[in-house]
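*Asks:* test case, fold it:
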Amino acid sequence: MVDLADIFGAQGPLAAAIPGFAVRREQIDMAIEVEHALRTRGRLIVEAGTGTGKTFAYLVPALLSGRRVIIATGTRNLQDQLFHRDLAVVTRALGRPVHVALLKGRANYLCLHRLALAEQQAVARGLPREVALALPGLREWAQFTRRGDIAEFGSLGDADPLWPWVTSTRENCLGPECPSFDGCHLVQARREAQAADVVVVSHHLLMADLLLKEEGFGDLLPGADAIIIDEAHQLPEVAAGFLGFMVSSRQLQSLGRDLASEVVSGQVRGEIPASFAQTMDRCLADLQDALGERRPSGSTWRGDVSSGRGAPGGGTGESSHAGMGAGRSPGSRIEFKDWPAGVIESLERLQRLLDELSDALAEAAHDHAGLASLRRRSLESSTRLRAMLANETELAGQAAGVRWAQSGHQGTSLHYVPVDVAQQLGELIETQAGTWICTSATLAVGERFDHFIGRIGMKDPRTVRFGSPFDYARQALLYLPRGLPEPSSPRYTQQLMQAVLPVLRASGGRAFLLFTSHRALRQAAQHLSGRTPPPPGFPILVQGDAPREALLARFRDLGNAVLLGTSSFWEGVDVKGGALSLVVIDKLPFAVPDDPVLKARLEAIERRGGNPFFEEQIPQAVITLKQGVGRLIRDTGDAGVIMLCDQRLHTRAYGRIFLDSLPPMPRTRRLEDVERFFQHTVDSPPSAAVPIAADTPGLRPNGDSQCGNENGQEQG
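*Replies:* Numbers count the residues shown, from 1 in each chain. From the prediction side, this is the model:
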């Protein structure tokens with residue numbers, strides 16, 4: 001058997017192939033656990049702290065096993081990194097060529113048929129001007145692209161309005177009946193995946209495949225001996241989106257536009273098809289107006305349960321989950337029980353319109369694949385609307401779920417999401433006979449994995465937790481400022497920013513300010529921009545002013561910037577080096593309990609006699625906080641300060657749960673210690689660094705203000 005300690009050792013092939021490779025005991029131990037799970041076809045859940053090198057820790061044993069492996073990630077960025085960089089490095093180092101494939105959701109591939117339809121629409125002046133102007137360049141690219149991955153068409157961003165017109169969705173794909181089927185980029189990518197030893201996919205695509213297998217509709221992915229899920233903390237929310245369903249104004253508008261394309265091409269005639277798009281738009285406008293009659297009291301800060309890039313026919317969940325996009329506030333959410341009569345009436349009109357369309361297309365659909373697809377989509381949308389409007393008696397026997405409407409400047413959508421996906425997800429896992437491995441830097445609460453296991457329904461997994469190899473005792477300082485009000489105070493954000501300013505001066509900028517709400521972010525941005533004179537020496541970057549990747553690139557280039565962000569900056573962001581030396585977190589990231597799905601989960605826990613706060617809200621907030629804190633130390637040469645501003649960490653007994661879940665590092669409540677740390681540790685070479693002395697017990701959960709030694713410092 002191959003000795004993994006040798007492979008990951010100082011004289012091993014990885015060290016020889018990778019400049020600056022560091023031996024990490026945690027990485028070796030994780031690789032041993034993964035190898036054992038692969039060999040025994042076991043179930044493994046492993047938390048690997050930041051810096052462990054978990055990607056290589058699962059790639060090496062996976063490649064050496066000779067088994068067929070699917071690796072599922074939470075983001076397209078990590079998919080691309082795995083495929084284009086990490087797998088190439090490992091296969092080269094091991095000297096074992098392996099057939100590897102990258103498979104993304106269909107919304108990531110150019111659809112040649114829809115490109116042709118869009119060009120017809122452009123000739124008929126049926127396209128928005130910016131879309132029509134972009135088509136010639138896209139057509140030129142389409143002539144030579146091999147993969148058709150729209151990420152390779154670098155001149156347009158993910159959210160460009162062109163993409164919904166030239167990519168397919170599950171609803172509008174014609175399948176083998178498509179005139180462009182032989183050249184279909186998605187089909188080619190799936191064929192490559194079927195022949196590969198290792199396939200890199202998203203969580204969304206993995207869930208879509210599991211559900212298709214369960215329903216007997218075939219495979220998106222090849223049969224695999226092992227499934228490895230990275231960023232596994234995201235899996236329960238992704239599963240909830242897939243095990244439910246959605247109807248959106250974008251889907252219905254896309255249906256109308258595609259029908260108009262068939263009318264333009266002369267494939268369909270009749271009074272209903274000709275006027276369908278206009279009638280649909282009027283019905284959707286009425287629905288939007290009716291939803292405006294009632295506004296909810298709030299919404300979750302973390303974004304939609306199910307999201308994607310938002311193609312007009314989209315919402316299938318196949319595009320990557322990015323959470324709340326840059327600059328978007330969560331839409332207004334209204335639970336089913338609170339829908340005004342006008343909403344019900346608008347939905348009933350939409351359902352009748354869809355039924356009329358499907359009836360009108362019934363005969364012509366027999367001889368035309370495009371019309372058959374349109375009829376199938378109208379029937380499916382009508383069925384979903386009928387389920388949305390069903391009463392509780394009609395829904396008896398189905399898994400408990402939550403229905404709500406969401407309205408905002410991105411459009412209107414109707415959602416059904418099951419309250420608890422553990423049983424269904426657990427059954428899907430059990431149908432796969434091979435190895436299952438879930439890994440992330442944030443799965444445990446304290447030392448326990450009960451919460452995550454309960455969310456995914458996995459039976460009898462082995463659980464292992466590896467801490468970070470980074471020297472947090474030397475590299476980091478946790479600052480818990482005194483004197484701030486309770487987070488519920490109306491002046492909380494203003495007073496928080498007063499406490500943050502001297503820390504920003506000490507750090508010279510180089511900071512992430514992470515907020516739990518868009519409102520707090522806006523208030524903080526106004527506070528900084530409204531100061532006279534403005535804060536010296538560092539530029540201010542605010543989420544929403546530019547796309548996330550552009551903001552991050554600007555942040556890295558400037559080297560002394562302050563970036564204000566919400567949920568999309570709490571995870572999946574990697575800034576190594578001196579550009580980031582301070583992470584400020586405004587509040588403990590509790591999800592707002594009037595989110596419909598969370599509210600239903602809490603009520604279900606209460607009905608069975610549990611404590612929803614400690615069983616659901618605290619564990620989820622701990623995992624999110626660990627993600628935010630993990631933005632700071634990304635390399636052995638990094639150093640900096642974590643500033644947690646929420647006073648509940650030391651005024652509430654549960655504060656200890658959060659603090660005990662963080663990496664062990666010195667703590668202080670004194671600004672002077674922070675300034676000294678920046679002066680002697682962050683801004684000095686390692687040999688000159690002066691560690692913060694920390695020799696007393698940590699914060700007492702009763703909130704006693706006399707914490708630590710006479711210098712106010714504590715040991716985490």
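
*Asks:* and residue 403, that's in a strand?
*Replies:* Yes: counting by DSSP: H, G, I helix; E, B strand; the rest coil, residue 403 is part of a strand.

*Asks:* tell me the mean pLDDT for stretch 188-197?
*Replies:* For stretch 188-197, the mean per-residue pLDDT is 92.

*Asks:* swap in stretch 112-130?
*Replies:* 88.

*Asks:* and it, which residues are buried?
*Replies:* Judged by neighbour count (16 or more other Cβ atoms under 10 Å), stretch 112-130 contains these buried residues: 112-119, 121-122, 126-127. Every C-beta, even on glycine, is put in place using the N, C-alpha and C of the backbone.

*Asks:* low-confidence ranges, the stretch 51-200 of the chain, go.
*Replies:* The stretch 51-200 of the chain contains no residues with pLDDT under 70.

*Asks:* next one: the stretch 451-600 of the chain
*Replies:* 531-537.

*Asks:* now do the helices in it.
*Replies:* Taking DSSP state H, counting those that start in this stretch to define them, one finds helices in the stretch 451-600 of the chain at 472-475, 492-507, 518-529, 548-558, 596-607.

*Asks:* these two touch, right, residue 353 and residue 280?
*Replies:* Yes: look at residue 353 against residue 280 with Cβ atoms under 8 Å: they come within range, at 6.5 Å.

*Asks:* close enough to count as contact, residue 107 and residue 169?
*Replies:* Yes: at 6.8 Å, residue 107 and residue 169 qualify as touching, with contact defined as Cβ under 8 Å.

*Asks:* who's more crowded, those two?
*Replies:* residue 107 (28 against 25; other Cβ atoms under 10 Å).

*Asks:* looking at this, that one is in a strand?
*Replies:* No: applying three-state DSSP, one finds residue 107 to be helix, outside a strand.

*Asks:* against residue 150, how distant is it?
*Replies:* For residue 107, the distance to residue 150 equals 8 Å [Cβ to Cβ, to the nearest Å].

*Asks:* identify the contacts common to the two.
*Replies:* 163, 167 (Cβ atoms under 8 Å, 6 or more residues apart in numbering).

*Asks:* which SS state does residue 623 fall under?
*Replies:* helix.

*Asks:* burial count for it?
*Replies:* Residue 623 has 21 nearby residues by other Cβ under 10 Å.

*Asks:* so residue 181 sits against residue 187, correct?
*Replies:* Yes: the criterion here is Cβ under 8 Å, and residue 181 meets it with residue 187 at 6.7 Å.

*Asks:* list the contacts of residue 626.
*Replies:* Counting by Cβ under 8 Å, 6+ apart, residue 626 has contacts 441-442, 661-662.

*Asks:* ok, now with 6 Å
*Replies:* For residue 626, the contacting residues are 442, 661, by Cβ atoms under 6 Å, 6 or more residues apart in numbering.

*Asks:* gap between it and residue 370?
*Replies:* Distance from residue 626 to residue 370, by Cβ to Cβ: 49 Å.

*Asks:* got it, and residue 166?
*Replies:* Distance from residue 166 to residue 370, counting by Cβ to Cβ: 16 Å.

*Asks:* show me which pair in the buried residues of stretch 112-130 is furthest apart.
*Replies:* Based on Cβ to Cβ, the longest span within the buried residues of stretch 112-130 runs between 112 and 126 and measures 19.1 Å.

*Asks:* out of the helices of the stretch 451-600 of the chain, which is closest to residue 451?
*Replies:* helix 596-607 (11.7 Å).

*Asks:* mind putting the helices of the stretch 451-600 of the chain in JSON lines, mean neighbour count and distance to residue 244 included?
*Replies:* Below are the helices of the stretch 451-600 of the chain laid out as JSON lines (neighbours: other Cβ atoms under 10 Å; distance: least, Cβ to Cβ, whole Å):
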{"stretch": "helix 472-475", "mean neighbour count": "20", "distance to residue 244": "40"}
{"stretch": "helix 492-507", "mean neighbour count": "19", "distance to residue 244": "34"}
{"stretch": "helix 518-529", "mean neighbour count": "18", "distance to residue 244": "25"}
{"stretch": "helix 548-558", "mean neighbour count": "16", "distance to residue 244": "27"}
{"stretch": "helix 596-607", "mean neighbour count": "18", "distance to residue 244": "9"}
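
*Asks:* can I get those in CSV with distance to residue 569?
*Replies:* Formatted as CSV, the helices of the stretch 451-600 of the chain follow (distance: least, Cβ to Cβ, whole Å):
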stretch, distance to residue 569
helix 472-475, 21
helix 492-507, 16
helix 518-529, 10
helix 548-558, 7
helix 596-607, 22
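
*Asks:* which one of those helices lies nearest to residue 362?
*Replies:* Closest among the helices of the stretch 451-600 of the chain, using Cβ to Cβ: helix 596-607, at 36.4 Å.

*Asks:* now that closest one, how far from the chain's geometric center?
*Replies:* On the basis of Cα atoms, centre = their mean, to the nearest Å, helix 596-607 sits 22 Å off its chain's mean C-alpha point.

*Asks:* what of stretch 162-169?
*Replies:* 21 Å.

*Asks:* then stretch 652-659?
*Replies:* With Cα atoms, centre = their mean as the basis, the mean position of stretch 652-659 lies at 26 Å from the chain mean.

*Asks:* quick one: contacts of that stretch?
*Replies:* So stretch 652-659 is contacted by 618, 622, 625, 648-649, 701 (Cβ under 6 Å, 6+ apart).

*Asks:* how about residue 601, what does it touch?
*Replies:* Neighbours of residue 601 in contact, by Cβ under 6 Å, 6+ apart: 419, 616.

*Asks:* could I get the full set of strands for the stretch 301-450 of the chain?
*Replies:* In the stretch 301-450 of the chain, the strands defined using DSSP state E, counting those that start in this stretch lie at 332-335, 401-408, 411-418, 435-440.

*Asks:* what's the most buried one of those?
*Replies:* strand 435-440 (a mean of 25; mean count of other Cβ atoms under 10 Å).

*Asks:* show me what that strand is packed against.
*Replies:* On a contact count with 3 or more Cβ pairs under 6 Å, 6 or more residues apart in numbering; DSSP states H and E, strand 435-440 meets helix 25-40, strand 43-48, strand 226-229.

*Asks:* after the last one, next one along is what?
*Replies:* In this case it means strand 226-229. helix 235-243 (DSSP states H and E).

*Asks:* and that next one, average pLDDT?
*Replies:* Rounded mean pLDDT across helix 235-243 is 92.

*Asks:* following it, which helix or strand shows up next?
*Replies:* Assignment by DSSP H and E places the next element after helix 235-243 at strand 245-248.

*Asks:* quickly run through the sheet partners of that following strand, with directions.
*Replies:* Strand pairing for strand 245-248, using DSSP bridges, gives strand 411-418 (antiparallel).

*Asks:* the inter-axis angle of the strand it pairs with versus helix 235-243?
*Replies:* In terms of direction (axes from the mean of the first three to the mean of the last three Cα atoms, to 10 degrees), strand 411-418 departs from helix 235-243 by 110 degrees.

*Asks:* what angle sits between strand 411-418 and strand 401-408?
*Replies:* 160 degrees.

*Asks:* for strand 411-418, list the C-alpha coordinates in PDB.
*Replies:* Extracted C-alpha coordinates of strand 411-418, given in PDB (Å, rounded to 0.1, in the frame of the first residue of the first chain):
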ATOM      1  CA  GLY A 411     -39.000  39.900 -10.600                       C
ATOM      2  CA  THR A 412     -41.500  37.800  -8.800                       C
ATOM      3  CA  SER A 413     -41.100  34.100  -7.800                       C
ATOM      4  CA  LEU A 414     -43.200  31.600  -6.000                       C
ATOM      5  CA  HIS A 415     -41.400  29.000  -3.900                       C
ATOM      6  CA  TYR A 416     -42.200  25.700  -2.200                       C
ATOM      7  CA  VAL A 417     -39.400  24.200   0.000                       C
ATOM      8  CA  PRO A 418     -39.600  21.200   2.300                       C
END
